[in-house]
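J.: structure here, sequence nowhere to be found:
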């Protein structure tokens, strides 16, 4: 059932349908295994944030979008049953710009390889969605605000959690303007991601055309992520 719902969501986005939000039912008929059986699968949680800001090459470079999609898909394929996959978009900070959401728990009915393939289609199709106006290229990059929403709505409790941002990592908000060399990320308020496994940024500095800029951005996000509580940070310009 959930496989069908994600396929419908992806088809609606790529084909022009009006529904841009799908939420899976985690607790009804979807979970086929008892608790003592699912525990052995070491479930994980992955949260995927798709940056729709205009500075991010993901929104208009199909080859790069496909590359990011493939890496995210490989991550999902490696998850076991009872793991969670959550997909969101971000950019502007308002209630209407980013209304796409998808949440699923992997099971015998929602196998990792099927969910991975559909999420790949969604990410690789981002340039098409933006070009057709179904997703809107946005004027700001509110990564920190997105992360705040993630910590409050999903968090890291219950299972190892990885947050993957398909983003250039160039925060452009009231918090910081990282396109300016003298700008820095503010310290997080406490440790909202305490015990989270990892923060990944795929596409860090892409579009800036500067290796030194990528290094600077990596340093900013590494410091922020460790202060926020993530165990590991990985910021990739290319791979």
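T.: Done, it's in. Bear in mind that the values here come from a model prediction, so they are computed numbers and not experimental data.

J.: which residue ranges form the helices in this protein?
T.: Under the criterion DSSP state H, helices of the chain are mapped to 2-15, 35-38, 62-77, 112-124, 126-131, 143-153, 211-228.

J.: redo those as CSV? Include mean pLDDT, distance to residue 101 and mean neighbour count.
T.: Backbone N, C-alpha and C define where each C-beta goes, glycine included. As requested, these are arranged in CSV below (pLDDT from 0 to 100; distance: least, Cβ to Cβ, whole Å; neighbours: other Cβ atoms under 10 Å):
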stretch, mean pLDDT, distance to residue 101, mean neighbour count
helix 2-15, 48, 9, 17
helix 35-38, 42, 24, 11
helix 62-77, 98, 16, 19
helix 112-124, 97, 12, 21
helix 126-131, 97, 15, 19
helix 143-153, 97, 10, 18
helix 211-228, 98, 22, 18
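
J.: how about those helices in JSON lines, adding distance to residue 88?
T.: Output for the helices of the chain, formatted as JSON lines (distance: least, Cβ to Cβ, whole Å):
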{"stretch": "helix 2-15", "distance to residue 88": "13"}
{"stretch": "helix 35-38", "distance to residue 88": "25"}
{"stretch": "helix 62-77", "distance to residue 88": "13"}
{"stretch": "helix 112-124", "distance to residue 88": "11"}
{"stretch": "helix 126-131", "distance to residue 88": "13"}
{"stretch": "helix 143-153", "distance to residue 88": "7"}
{"stretch": "helix 211-228", "distance to residue 88": "18"}
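
J.: now for residue 165: which residues touch it?
T.: 49, 51, 143, 199-202 (Cβ atoms under 8 Å, 6 or more residues apart in numbering).

J.: which one of these sits closest to residue 169?
T.: residue 201 (4.7 Å; Cβ to Cβ).

J.: dig out what that closest one forms beta bridges with.
T.: With beta bridges defined as DSSP bridges, residue 201 has these partners: residue 165, residue 235.

J.: surely it and residue 224 touch.
T.: No: proximity of residue 201 to residue 224 does not meet the contact threshold set by Cβ atoms under 8 Å, at 10.8 Å.

J.: ok so, going back, most widely separated two among the contacts of residue 165?
T.: Based on Cβ to Cβ, the longest span within the contacts of residue 165 runs between 51 and 199 and measures 13.7 Å.

J.: buried among the contacts of residue 165? Need that as a selection in PyMOL.
T.: Those of those that count as buried under 16 or more other Cβ atoms under 10 Å are selected in PyMOL with:
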select buried, resi 49+51+143+199+200+201+202
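
J.: and of the contacts of residue 165, the nearest to residue 151?
T.: Among those, residue 199 lies closest to residue 151 (Cβ to Cβ), at 11.4 Å.

J.: distance of that closest one from residue 136?
T.: When distances are taken as Cβ to Cβ, to the nearest Å, residue 199 and residue 136 turn out to be 26 Å apart.

J.: repeat for residue 179
T.: In this structure, residue 179 and residue 136 are 21 Å apart, going by Cβ to Cβ.

J.: same thing with residue 91?
T.: Distance check for residue 91 against residue 136: by Cβ to Cβ, it reads 8 Å.

J.: ditto for residue 73
T.: Separation of residue 73 from residue 136 (Cβ to Cβ) stands at 25 Å.
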